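S.K.: got a sequence here, can you model it:
(2 chains, ligands or ions: 2)
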Amino acid sequence: MALIEAHGLTKKFRQAVKEPGLIGSLKHFFTRQYRDRLAVDHIDLSVEAGESVAYLGPNGAGKSTTIKMLTGILVPTSGSLVVNGLVPYEKRQQNARNIGVVFGQRTQLWWDIPVIESFNLARDMYEIPVKRYKENLAQFTEILGLDEFMNVPAGKISLGQRMRADLCMALLHDPKTLYLDEPTIGLDIAVKDSIRRFIRSLVVERGTTVMLTTHDLGDIEDICKRIVIIDNGKIIHDGDLAKLKDTYARDRVIHFQLARPPESMAAICAALPACETTTDGLRLSVRFDRFRLTAGEIAAAVMSRVEVIDFRIDEPEVEDLIRKVYLGQLSLESTDSDTAAPSLVEA
Amino acid sequence: MGRYRKYASIARTSLEITFVYRAGFVLNMLGTIFYVVAMFYLWQTIFLGSPNALGGFTWPEMKAYLLVSFLLNSLMTWFAEWNMSMDIKEGRVATDLARPMDFQASRMATAFGPVPFEFSSALVVGAIVATVFGGIALPADPLHLVVFLFSAFLATLIKFGLVYCVSMTAFWTTGIDGIMVGRVAIQNIFSGALIPLVFFPDWLRAIAAVLPFQGMISTPALTYLGKMDGPTTALMICIQAVWAVGLILLGRLVWRGAVRAVTINGG
Ligand SMILES: Nc1ncnc2c1ncn2[C@@H]1O[C@H](COP(=O)(O)OP(=O)(O)OP(=O)(O)O)[C@@H](O)[C@H]1O
Ligand SMILES: [Mg+2]
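M.R.: Ligands and ions are numbered 1, 2, ... in the order given. Next up, the predicted model:
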């Protein structure tokens, strides 16, 4: 059995509907009106121990809600859920011992006391053996650079510092599974990098299972092998990241800087069938399928016809891909079938 | 013992946080001092009008009653209740839920952490006020003092049970402030904090008798003064214990319902 097994997992929220303004409030006071909202709609999810999964989706898709159910914070409306042999919301405390959770939007640290004291509290809460606690604390302090604010209350440290401290706090008890809900939100590039490297090392060295939600796709390329995309509470894609790229992000673009305007565009286009060629003064761009042609072939074809000063290649970006999925321009088939053709619906 | 160490740590941290918010603590204390001094003057005027005992209370006894009331009111301030309801309202309980701890036990530890400090500061302030007003009645029998301490402990448990249940309403309503104010108002009347229950008309006393509030001030104050005979004292303490346990269990029940039915706020 997989580490995380969810079948038909569903969470329905009841949201109060209130018309704006005083009249609306008054109306609401007497006649409460509610609307059901399926935040998570019958999802099936299975995650093996040691996997690193990126859980993506537009705002309000149901990511945080799913994470909250997996961690035992929310009780599902229906469906079955077993994590590490336990039903999280039934065996909440036992489940909590096995997991680490970081919510980027909210801290686990005690606001008013020095960071180190929050850690000491974690030691007592999770009943971490003193020796293990010291080892972990020393290691995390070094990697995450916590020394400079160890004795400062959490309320008085910067966001980046807080996030690093939160990560440490979530990991002191050697959790099998780490849930990260937007762990790099609002951080500068350097801190993002160090956090990503750290999480990666957890996956590689400690075999920690990681499930991560983010809006920053830089996070996932560094850390995750698998991506799951949820939209409107439904999982619309679940598969390998590399495969997804191969299937949908096939196009590469070479940009050439020319010495003088090409004499005949037609000749160049003719030499590059199945490519999309565009020019703009001294610039020439060729979009091609990286599985059918190589950059070398393109370069050779162009250079034999015009004088090239410089060129660069744009790699396909997952970001682009996901954006298209969110916008509904691209509907993902199962990436497991190698033959799946990209179906681009122009919006 | 290891299993409970975490709650001891939580209690210690909670005490530490009280020190961080010392300005709030001092202000709260000043408020209660002002209140108790006002009560002293009020009752002094009443007793001046009738030199003998009133409702079975002599003036030194009345002073002792007011001080006990002050002492118990100083324990577990509104801060505990406000904190807990805010944590619920703003969704911070989510972090508590992801921890290997019993929610009520950890909240209890948080509420009880500052109690020793609150108790000793109230004792000091109380002693000063008592001296200024010419002394108070001391327990006639050392045994009364022991029984009083136990009864005061039960009173604090009842207070916690009540505060916990009231905070839980934050799951369903956004008007928790109003409910808190209401709780304090009702409690001040029916606990005997303002006026000893013997001064109540019969029907009001009958209502007070079936509510948990009398166990919060009246019962411990009367045990201090030794105003009840042995069997009555035993009965009143049993009633306190039943309320304490009952309210704490009720809190657990409400919590379980809340977690199931209501959702934790915030993304
Ligand atoms: N406590 C709640 N009560 C009512 N509705 C809620 C509650 N929490 C979430 N929702 C609704 O459920 C849906 C999913 O919310 P969720 O927080 O899971 O989204 P998300 O994918 O994490 O989005 P984001 O990227 O913005 O964090 C949203 O439409 C939201 O309005
Ligand atoms: Mg979210």
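S.K.: once you drop chain neighbours, what's closest to whichever residue of the stretch 101-250 of chain A sits closest to chain B?
M.R.: Residue nearest to chain B within the stretch 101-250 of chain A (Cβ to the nearest Cβ): A:Asp124, separated by 4.1 Å. For the C-beta atoms, the positions are set from N, CA and C on the backbone; glycine is no exception. Nearest residue to A:Asp124, sequence neighbours excluded (Cβ to Cβ, 6 or more residues apart in numbering or on different chains): B:Ser9, at 4.1 Å.
S.K.: go on, B:Phe199?
M.R.: Closest to B:Phe199 by Cβ to Cβ, 6+ apart is B:Gly55, at 5.2 Å.
S.K.: phi, psi of that neighbour?
M.R.: phi 50, psi 30 (degrees, to the nearest 10).
S.K.: look up phi and psi at the residue in the stretch 1-150 of chain B positioned nearest to ligand 1.
M.R.: Nearest residue of the stretch 1-150 of chain B to ligand 1: B:Gly91, at 7.6 Å (Cβ to the nearest ligand atom). For B:Gly91, the backbone dihedrals (degrees, to the nearest 10) come out as phi 80, psi 10.
S.K.: count of neighbours near A:Arg250?
M.R.: When counting by other Cβ atoms under 10 Å in any protein chain shown, one arrives at 14 neighbours for A:Arg250.
S.K.: can you list the domain ranges for chain A.
M.R.: A:48-245, A:250-314 (automatic domain parsing).
S.K.: can the ones you listed go into JSON lines with extra columns for distance to ligand 1 and mean pLDDT?
M.R.: Formatted as JSON lines, the domains of chain A follow (distance: least, Cβ to the nearest ligand atom, whole Å; pLDDT from 0 to 100):
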{"stretch": "domain A:48-245", "distance to ligand 1": "3", "mean pLDDT": "92"}
{"stretch": "domain A:250-314", "distance to ligand 1": "28", "mean pLDDT": "86"}
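S.K.: the lengthiest helix in chain B and ligand 1, are they touching?
M.R.: Using DSSP state H to define each element, chain B has its longest helix at helix B:230-261. No: using Cβ under 6 Å from any ligand atom, helix B:230-261 never reaches ligand 1; the gap is at least 11.9 Å.
S.K.: flag every buried residue along that helix.
M.R.: Across helix B:230-261, burial judged by 16 or more other Cβ atoms under 10 Å in any protein chain shown covers B:233, B:236-237, B:239-241, B:243-244, B:247-248, B:250-252, B:254-255, B:258-259.
S.K.: name the nearest residue to B:Pro220, sequence neighbours excluded.
M.R.: B:Pro220 sits nearest to B:Ser151 (Cβ to Cβ, 6+ apart), 4.1 Å away.
S.K.: quick one: name whatever helix or strand follows the helix or strand containing that neighbour.
M.R.: Using DSSP states H and E, B:Ser151 sits in helix B:142-168. With elements assigned by DSSP H and E, the helix or strand that comes after helix B:142-168 is helix B:176-190.
S.K.: so which elements touch that next one?
M.R.: helix B:78-89, helix B:142-168 (3 or more Cβ pairs under 8 Å, 6 or more residues apart in numbering or on different chains; DSSP states H and E).
S.K.: tell me the most buried of those helices?
M.R.: Most buried of the helices and strands packed on helix B:176-190, by mean neighbour count (mean count of other Cβ atoms under 10 Å in any protein chain shown): helix B:142-168, with a mean of 20.
S.K.: could you say what helices and strands that helix packs with?
M.R.: By 3+ Cβ pairs under 8 Å, 6+ apart, helix B:142-168 packs against helix B:59-74, helix B:78-89, helix B:103-112, helix B:176-190, helix B:218-225, helix B:230-261.
S.K.: out of these, flag the one nearest ligand 2.
M.R.: Ligand 2 lies closest, by Cβ to the ion, to one member of the helices and strands packed on helix B:142-168: helix B:78-89, at 18.8 Å.
S.K.: on that earlier part again, what mean pLDDT does the helix or strand hosting the residue nearest to A:Asp124 get?
M.R.: B:Ser9 is part of helix B:2-20 when elements are defined by DSSP H and E. The average pLDDT within helix B:2-20 is 89.
S.K.: just to revisit the earlier point, so which of the helices and strands packed on helix B:176-190 gets nearest B:Phe40?
M.R.: Taking Cβ to Cβ, helix B:142-168 is the member of the helices and strands packed on helix B:176-190 nearest to B:Phe40, at 20.3 Å.
S.K.: near ligand 2, which residues of the stretch 1-150 of chain A?
M.R.: A:Ser64 (Cβ under 5 Å from the ion).
S.K.: residues of the stretch 1-150 of chain A that sit close to chain B?
M.R.: Residues of the stretch 1-150 of chain A lying close to chain B by Cβ under 8 Å from any Cβ of the partner chain are A:13, A:64, A:68, A:71-75, A:89, A:92-94, A:96-97, A:99, A:101, A:103, A:105-106, A:108, A:110, A:112-113, A:117, A:120-121, A:124-127.
S.K.: ranges for the helices of chain A?
M.R.: Going by DSSP H, chain A shows helices at A:21-30, A:63-70, A:92-98, A:115-125, A:130-144, A:159-171, A:189-201, A:217-223, A:241-248, A:265-271, A:295-303, A:318-326.
S.K.: quick check: buried residues in the fifth one?
M.R.: The one in question is helix A:130-144. For helix A:130-144, by 16+ other Cβ under 10 Å, it's A:Tyr133, A:Asn136, A:Leu137, A:Phe140, A:Thr141, A:Ile143, A:Leu144.
S.K.: again, but for stretch A:201-212
M.R.: A:Leu202, A:Val203, A:Thr208, A:Thr209, A:Val210, A:Met211, A:Leu212.
S.K.: show the end-to-end separation of it, please.
M.R.: 15 Å (Cα to Cα, to the nearest Å).
S.K.: can you give me how far that stretch is from the chain middle?
M.R.: 14 Å (Cα atoms, centre = their mean, to the nearest Å).
S.K.: and what of stretch B:78-93?
M.R.: 18 Å.
S.K.: centroid-wise, who is the farthest residue in chain A?
M.R.: A:Glu263 (46.9 Å; Cα atoms, centre = their mean).
S.K.: quick one: contacts for A:Asp36?
M.R.: Contacts for A:Asp36 (Cβ atoms under 8 Å, 6 or more residues apart in numbering or on different chains) come out as A:Lys12, A:Phe13, A:Arg14, A:Gln15.
S.K.: I'd like to know how far it sits from A:Phe30.
M.R.: Noted for A:Asp36: a distance of 21 Å to A:Phe30, by Cβ to Cβ, to the nearest Å.
S.K.: CA atoms of stretch B:89-99 as PDB?
M.R.: What follows is stretch B:89-99, C-alpha atoms only, in PDB (Å, rounded to 0.1, in the frame of the first residue of the first chain):
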ATOM      1  CA  LYS B  89     -11.200  32.800  14.400                       C
ATOM      2  CA  GLU B  90      -8.000  33.400  12.500                       C
ATOM      3  CA  GLY B  91      -7.400  29.700  11.800                       C
ATOM      4  CA  ARG B  92      -4.300  29.400  13.900                       C
ATOM      5  CA  VAL B  93      -5.700  26.300  15.500                       C
ATOM      6  CA  ALA B  94      -4.800  24.500  12.300                       C
ATOM      7  CA  THR B  95      -1.200  24.400  13.500                       C
ATOM      8  CA  ASP B  96      -2.300  23.000  16.900                       C
ATOM      9  CA  LEU B  97      -4.200  20.300  15.000                       C
ATOM     10  CA  ALA B  98      -1.100  19.200  13.200                       C
ATOM     11  CA  ARG B  99       0.700  18.600  16.500                       C
END
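S.K.: now, the most widely separated pair of the buried residues of stretch A:201-212?
M.R.: Maximum distance among the buried residues of stretch A:201-212 (Cβ to Cβ): 12.3 Å, for A:Leu202 and A:Met211.
S.K.: could you check the helix or strand harbouring B:Val37 against chain A for contacts?
M.R.: Taking DSSP H and E as the definition, B:Val37 sits inside helix B:22-49. No: among the residues of helix B:22-49, none lie within reach of chain A under Cβ under 8 Å from any Cβ; the closest is 11.5 Å away.
S.K.: so that helix versus helix B:78-89, what angle?
M.R.: Counting by axes from the mean of the first three to the mean of the last three Cα atoms, to 10 degrees, helix B:22-49 points 130 degrees away from the direction of helix B:78-89.
S.K.: perfect, I'm done here.
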